[in-house]
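> Mind folding the following:
(2 chains)
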Amino acid sequence: MDFTRSLTTRIVLNAMVLICVAVLAFPLVWIVMMALKQQSDVMAWPPSFVFTPTMDNFRVLFDAAQAGATSYGTIKVDFLKPVINSVVIALGAVVVSLIAGVPAGYVLARRDIPYKEDIAFFILGFRFAPVLLVVIPLFSLFQSLGLYDTYIGMIWVYQVVTLPMIVWLTRSYVEDIPKDIEEAAAIDGAKPFRVVLHIVLPLLKPGLIGASLLVFLLAWHNFALGLMLSSTKAPVTVALLKLLNPGIQFYPVMAAGLVVTMIVPVILIVIGQRHLERGLTFGAVK
Amino acid sequence: MSSQALKPIVPVAAEGPGACASSGSDSLEGRSIDWFSLAIILPAVLILFGFLLLFFYGVYQSLTDLRLGRPIAKFVGFANFIALGRTADFWNSVRVTVTYALSSVVMEALLGLAVAKLFASGVFMARALRPVILLPLVLPPMSVALMWTTMMNPQSGIMNYLLSLIGLAPFAWISDTRTALLSVIMIDVWTYTPFFALIIFAGLQGITDDIREAARINGGKAWATFVNIELPLVAPHILIAAIFRLIESLNQFDIIFGTTQGGPGNSTSALSVQAYITAFQNLTFGRGAALMVVNWLIVLIGAFFTVKLWRAVRRRVQ
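Numbering: from 1, shown residues only, chains lettered A, B, ... in the order given. Alright, predicted model coming up:
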């Protein structure tokens, strides 16, 4: 209905959108700038918007050989390991969730099993799980099972975040595929398993890729589980918080760490904006 | 785990026999599919069922005097809860949790509605820049928390510089007991207003031009159309987003822990943060579990009333 608006209205609306976008994007731009500044530039008052960029903060972050030595002090940091931990845990969690969750999502969409809706809601309920109430008993259990601070233990416990999401997203994507296609193939004499493998799965592929991106993102976000159930296998979010402790003079190094944790999600937006939007509002919008 | 998660325990346990009974009357083919499907769904249900057992174990622990490093825990009934109820810190945590959740959800709903309406206007910038709305939602909450911690630093932070540009005095942000809670709420609002905006935007897209046209022909001004037609139609969307956000912000841990760890003093010590400190720093696991049980009960009560409100509004709209 753009054409019914006057020119002034349109200019005002565009300007308001720009203000809104600036509020959302400015903190990120500022942090990226901070990560590229010399320490003296970061400490300067008033804050400067013009500076010569440096990669020194990133070097401090990843250069274990120099043990975090800077011209203004030493920060004990090994950021590469937490990044690897996060990638391993998040990828592992996604793979396990896909294996257990996709078939379950299909069954919940298509097959007639007793208490189907109850099971579906039981699974969705975990989106609201009070994580700490599960972690407190899990802590002693993990200690006695030898799962504390292991990838296997972390991947299992991450299922509380990733599995319900995969099940529900798969279910909703399967429901989007017209039932006729499967029925037609079944009439042609194809076995149910072959129908799923050769007809449903290829149609489901884009949705599953999107769901995997989203679930990887949720695993990447997680902080509380890693904080309480791991130490050397701690994810990047936990390592990030540790960068805060050395004090304000190390803010530029922390900003570099922030940029590292934020790059992954921003790349994921670029790859799969449509799927992320569906996933992030999932449950509230079909 | 909300009430929904608890209800189906019986059905899940009765899964096997239930399948038996119903498949008896079905055709042979129906029966075989049933069993196969159940087998397929079983791993996912079992993994999650493990968490449900842990949850109940956690509730049980809240009734014991479990401490880390002490092998035997004694059952103490409601002693943890009674002891908590006697401390001012506990009631402070309840107040912080509820204030944090309610004020952020209300502000996010109002701002989200405004942002959604703005982007639904369909002007050039709105169409081109819509993906930016997603930005705060895809960042790890811990990164968001630390990002704002650096920006809200009272001495060197950019926020006070921006305030000084428009002639305002420096603000203490998260470093003062009087302003810390407001500051963390602002961080929550920045992060999750886009969540409301996306959902309300989807709701606004669902209103057809016919409906708006009809309102216009009947002589409705833009504002009247919005209040009388659009707002009632998107109200269920706003409320369902509110249910999701209310539950998550009552459980909020990352943003508060990343910025203030409950301080300064106990001005931002929400129940989840207090539970973490009680369990993992003071090593009194039973007491920590009790705090989480209280937190969970507040979530249940909050979710119950919001769902009720949502149902009522939806019925009225239809």
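
> Low-confidence ranges, the chain, go.
Reading this off chain A. Under the criterion pLDDT under 70, the flagged ranges of chain A are A:1-4, A:65-69, A:71, A:282-286.

> ah, I was thinking of chain B
Along chain B, segments meeting pLDDT under 70 span B:1-33, B:219-220.

> just checking, what packs against the helix or strand where residue A:143 lies?
Here residue A:143, judged by DSSP states H and E, is contained in helix A:131-145. Packing partners of helix A:131-145 (3 or more C-beta pairs under 8 Å, 6 or more residues apart in numbering or on different chains; DSSP states H and E): helix A:151-176, helix A:224-229, helix B:28-61, helix B:271-276, helix B:285-317. All C-beta atoms are positioned from the backbone trio N, CA, C, and that covers glycine.

> Look up phi and psi at the spatially most central residue of chain B.
Nearest to the mean C-alpha position of chain B, by C-alpha atoms, centre = their mean, lies residue B:248 at 1.6 Å. Backbone geometry at residue B:248, expressed as degrees, to the nearest 10, gives phi -70, psi -30.

> Apart from its chain neighbours, what residue comes closest to it?
Closest residue to residue B:248 apart from its sequence neighbours, by C-beta to C-beta, 6 or more residues apart in numbering or on different chains: residue A:128 at 7.5 Å.

> how near is that neighbour to residue B:138?
20 Å (C-beta to C-beta, to the nearest Å).

> These two: who's more crowded?
Comparing residue A:128 with residue B:138 by other C-beta atoms under 10 Å in any protein chain shown, the one with more neighbours is residue A:128, at 24 against 21.

> Residue B:303 is in contact with the more buried one, correct?
Yes. Counting by C-beta atoms under 8 Å, residue A:128 does reach residue B:303; the two are 7.4 Å apart.

> closest point of the stretch 201-318 of chain B to chain A, which residue?
As assessed by C-beta to the nearest C-beta, chain A sits closest to residue B:292 within the stretch 201-318 of chain B, at 4.1 Å.

> any idea how far that residue lies from residue A:241?
With C-beta to C-beta as the criterion, residue B:292 and residue A:241 are 21 Å apart.

> Which of those two has more residues huddled nearby?
With neighbours defined as other C-beta under 10 Å, residue B:292 and residue A:241 compare such that residue B:292 has more, 29 against 22.

> Chain neighbours aside, what residue packs nearest to the more buried one?
Of all residues not flanking residue B:292 in the chain, residue A:133 sits nearest, at 4.1 Å (C-beta to C-beta, 6+ apart).

> burial of that neighbour, as a residue count?
Residue A:133: 28 surrounding residues under other C-beta under 10 Å.

> What helices and strands are in contact with the helix or strand where residue A:96 lies?
If you go by DSSP H and E, residue A:96 is part of helix A:80-110. The contact analysis (3+ C-beta pairs under 8 Å, 6+ apart) places helix A:80-110 against helix A:116-124, helix A:151-176, helix A:201-221, helix A:236-242, helix B:28-61.

> and the second one, how far from the chain's centre?
By that I understand helix A:151-176. Relative to the centre of its chain, helix A:151-176 is centred 13 Å away, using C-alpha atoms, centre = their mean, to the nearest Å.

> List the buried residues of it.
Neighbour-count burial for helix A:151-176, counted by 16 or more other C-beta atoms under 10 Å in any protein chain shown, picks out A:153-174.

> ok, and of those residues, which contact chain B?
Filtering those for neighbours of chain B using C-beta under 8 Å from any C-beta of the partner chain leaves A:156, A:159, A:160, A:163, A:164, A:167.

> which residues sit in contact with the residue lying closest to the third one once chain neighbours are set aside?
What it means is residue A:160. Spatial nearest neighbour of residue A:160, excluding adjacent residues (C-beta to C-beta, 6+ apart): residue B:51 at 5.1 Å. Residue B:51 is in contact with A:126, A:129, A:134, A:159, A:160, counting by C-beta atoms under 8 Å, 6 or more residues apart in numbering or on different chains.

> you'd agree the first one is in a strand?
No. Residue A:126 sits outside any strand when classified using DSSP: H, G, I helix; E, B strand; the rest coil, being helix.

> Nearest spatial neighbour of it, chain-adjacent residues omitted?
In space, residue A:126 comes closest to residue A:164 once its chain neighbours are excluded; the distance is 4.3 Å by C-beta to C-beta, 6+ apart.

> how much space between residue B:42 and residue B:70?
Counting by C-beta to C-beta, the gap from residue B:42 to residue B:70 is 37 Å.

> And the two? Which one has more around it.
The residue with more neighbours, out of residue B:42 and residue B:70, is residue B:42; 16 against 11, by other C-beta under 10 Å.

> Nearest the middle, which residue of chain A would you pick?
For chain A, residue A:217 is the residue whose C-alpha lies nearest the centre (C-alpha atoms, centre = their mean; 1.4 Å).

> Can you verify my assumption that it contacts residue A:269?
No. With contacts counted by C-beta under 8 Å, residue A:217 stays clear of residue A:269, the gap being 9.2 Å.

> Mind listing the shared neighbours of those two?
A:276, B:138.

> In contact with residue B:263, which residues are there?
By C-beta under 8 Å, 6+ apart, the residues touching residue B:263 are B:180, B:269.

> That one: what secondary structure?
coil.

> how near is it to residue B:142?
Per C-beta to C-beta, residue B:263 is found 17 Å from residue B:142.

> domains for the chain, by residue range?
Defaulting to chain A. As assigned by automatic domain parsing, chain A contains the domains A:2-54, A:80-280.

> ah, no, chain B please
According to automatic domain parsing, the domains of chain B span B:3-61, B:86-317.

> Go ahead and measure how far the last one is from the middle of the chain.
Distance of domain B:86-317 from its chain centroid, counting by C-alpha atoms, centre = their mean, is 8 Å.

> what ranges do the strands span in the stretch 151-300 of chain B?
Secondary structure of the stretch 151-300 of chain B (DSSP state E, counting those that start in this stretch): no strands present.

> Please list the residues of it that sit near chain A.
B:151, B:153, B:155-156, B:158, B:161, B:164, B:190, B:194-195, B:198-199, B:202, B:209, B:212, B:237, B:240-241, B:243-244, B:247-248, B:251, B:253-254, B:257-258, B:272, B:275-276, B:279-280, B:285, B:288-289, B:292-293, B:295-296, B:299.

> residues touching the closest residue to residue A:91 other than its chain neighbours, list them.
Once flanking residues are discounted, residue A:91 sits nearest to residue A:216: 7.1 Å by C-beta to C-beta, 6+ apart. By C-beta under 8 Å, 6+ apart, the contact list for residue A:216 reads A:90, A:91, A:94, A:268.

> Chain B: which of those is nearest?
For the contacts of residue A:216, the residue nearest chain B by C-beta to the nearest C-beta is residue A:268; the value is 6.6 Å.

> what about that closest one, helix or strand, and which?
Using DSSP H and E, residue A:268 falls in helix A:251-280.

> and that helix, how far from the chain's centre?
8 Å.

> Need the max-distance pair from the contacts of residue A:216.
Comparing all pairs in the contacts of residue A:216 by C-beta to C-beta, the longest separation belongs to A:91 and A:268, at 13.3 Å.

> When the two are compared, which one has more neighbours?
residue A:268 (20 against 14).

> hang on, that one packs against residue A:217?
Yes. The pair residue A:268 and residue A:217 qualifies as a contact (C-beta under 8 Å) at a distance of 5.7 Å.

> shared neighbours, the two?
A:276, B:138.
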